[in-house]
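just the structure for this:
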Amino acid sequence: WNSLAAADFDGDGDIDFIAGNYGLNNSYCATPEYPLEVFANDFDGNGSIDPILACHLPESFEQPARKLFPVHFWDELISQSPKFRQQFSSYNQYGQTTMDELLSPEDMKGGLRLTANFMQSSYIENLGGFKFKVSPLPVEAQVAPVNGLVIEDVNGDGNADVLVVGNDYGNEVFVGRMDALKGLVLLGDGAGNFRSVEPATSGFHVGGDGKALASLVTADGAQLFIATQNRDSLRVFQRVQSDDTRWFAVQPADVRVIIEYEGGKKETKEVFHGLGYLSQSTRKVRIPSDAAKVIVVDSRGNERQIGQDLAAPSASR
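Numbers count the residues shown, from 1 in each chain. Next comes the predicted model:
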């Protein structure tokens, strides 16, 4: 998991989550039945830990049953530890070696074995009573690792949407770049479902090694989305918004804003010190023009109603 963002996506008053994961566009194909695994220990006794990544692959075209194989090239493995140079006499011999044959029980004595069996970026619905339901996001969000996340109602329909950036250029050479994500907008329908909007339609395009994503509100009320790209330039986008947009700046101890509408509908927004991937958006909450009441809750549970201290509507843009 790379990132986490929170909002009330299904309108039931509690907080749900969007979690950025590794995605499905990779060769590991991790599932509960065939997880990705890491074996780690000081295999050669030199005082440093040697981690070995392994995944389940077909043994051969004739034998499609999956077995656990190391994913590293032999050259990479022997550069990490001379133990593995002495263990094999050819690339072919190493290429047919499973993890059971590579490491003995003695090798793993006192070692660490970890597994990953779910790699999809997901919507996590809060069912109440400390129970949650995990559902994968649309396939367009699975094409690369998801990093930066920002929650905002970008199309003005009253439902929380998600802006997404990602990719990973820092992999081993034999894996290559994971660079299929070009920036993505996920439009929420208010019931926990999402529809993908590609950059050509949304105008939100971050094609590099996208990492952090944050929202900034300027002094004149314009909302900016700022994306970082590792070893590349910032990408800055301005939201097109109506002339009745109002902003409320929460105090450091405030944690929740509850917006009530004339028809009785309530919208809950939590405000954070840090959200998404190593980032922090401006702690300003957009207040819809049809809001009848706005209640702010602080970390001690104290409530106060606001009204006159809302920022003036911004100029049309």
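
if I look at the residue located most distally from the centre of the chain, how far off is residue 25?
What lies farthest from the middle of the chain is residue 89; by Cα atoms, centre = their mean that is 42.4 Å. Residue 89 sits at a distance of 36 Å from residue 25 (criterion: Cβ to Cβ, to the nearest Å). All C-beta spots, glycine's among them, are computed from the backbone N, C-alpha and C.

coming back round to it: confidence score at the residue farthest from the centre of the chain?
According to the prediction, residue 89 has pLDDT 89.

wait, what's in contact with residue 164?
Each residue near residue 164 by Cβ atoms under 8 Å, 6 or more residues apart in numbering is listed here: 20, 121, 141, 146, 148, 149, 181, 183, 184, 185, 186, 213.

in strands only, show me the residues you listed.
20, 146, 148, 149, 184, 185, 186, 213 (DSSP state E).

name the element the closest residue to the fifth one other than its chain neighbours belongs to?
Distance criterion Cβ to Cβ, 6 or more residues apart in numbering; nearest residue to residue 184, sequence neighbours excluded, is residue 164 at 4.2 Å. When elements are assigned from DSSP states H and E, residue 164 belongs to strand 161-166.

which neighbours does that strand have in its sheet, and in what orientation?
strand 146-152 (antiparallel), strand 184-188 (antiparallel) (DSSP bridges).

with mean pLDDT added, can I get those in TSV?
As requested, those are exported to TSV (pLDDT from 0 to 100):
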stretch	mean pLDDT
strand 146-152	97
strand 184-188	98
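
right, and the ones you listed - which one's nearest residue 220?
Nearest to residue 220, of all these, is strand 146-152, at 18.1 Å by Cβ to Cβ.

give me the contact list for that closest one.
By Cβ under 8 Å, 6+ apart, the list of residues contacting strand 146-152 reads 2-7, 18, 20-21, 23, 121, 160-167, 181, 210-215, 223, 225, 227-228, 239, 275-277, 279, 281, 286.

can you rerun that using 7 Å?
With Cβ atoms under 7 Å, 6 or more residues apart in numbering as the test, strand 146-152 has contacts from 2-3, 5, 7, 18, 20-21, 23, 121, 160-166, 210-215, 225, 227, 276-277, 279, 281.

now do the same for the residue farthest from the centre of the chain: helix, strand or coil?
coil (DSSP: H, G, I helix; E, B strand; the rest coil).

same check on the one 3 residues further on?
Judged by three-state DSSP, the three-state class of residue 92 is helix.

relative to residue 147, how far out is it?
With Cβ to Cβ as the criterion, residue 92 and residue 147 are 39 Å apart.

between those two, which has more neighbouring residues?
Using other Cβ atoms under 10 Å, the more surrounded residue of residue 92 and residue 147 is residue 147, with 28 against 10.

ok, the more buried one to residue 169 distance?
Residue 147 is 12 Å from residue 169, by Cβ to Cβ.

pretty sure residue 56 is in a helix, no?
No. Residue 56: not assigned to a helix; according to three-state DSSP it is strand.

what's near enough to touch it?
Residue 56 neighbours (Cβ under 7 Å, 6+ apart): 34, 66, 67, 68.

pLDDT weak spots in the stretch 151-300 of the chain?
242-243 (pLDDT under 70).

could you show me where the strands are in it, in order?
For the stretch 151-300 of the chain, the strands defined by DSSP state E, counting those that start in this stretch occupy 161-166, 184-188, 194-197, 210-217, 223-229, 235-238, 246-249, 254-261, 266-270, 284-287, 291-298.

ok, residue 42 touching residue 51?
No. Using Cβ atoms under 7 Å, residue 42 makes no contact with residue 51, being 10.8 Å away.

out of the strands paired with strand 161-166, flag the one nearest residue 254.
strand 146-152 (16.7 Å).

got the CA coordinates for that closest one in PDB?
The C-alpha coordinates for strand 146-152 follow below in PDB (Å, rounded to 0.1, in the frame of the first residue of the first chain):
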ATOM      1  CA  VAL A 146      -1.100   4.600  -7.300                       C
ATOM      2  CA  ASN A 147       0.600   7.200  -5.100                       C
ATOM      3  CA  GLY A 148      -0.900  10.700  -4.800                       C
ATOM      4  CA  LEU A 149      -4.600  11.000  -4.000                       C
ATOM      5  CA  VAL A 150      -6.800  14.100  -3.500                       C
ATOM      6  CA  ILE A 151     -10.500  14.000  -2.700                       C
ATOM      7  CA  GLU A 152     -12.700  16.800  -4.200                       C
END
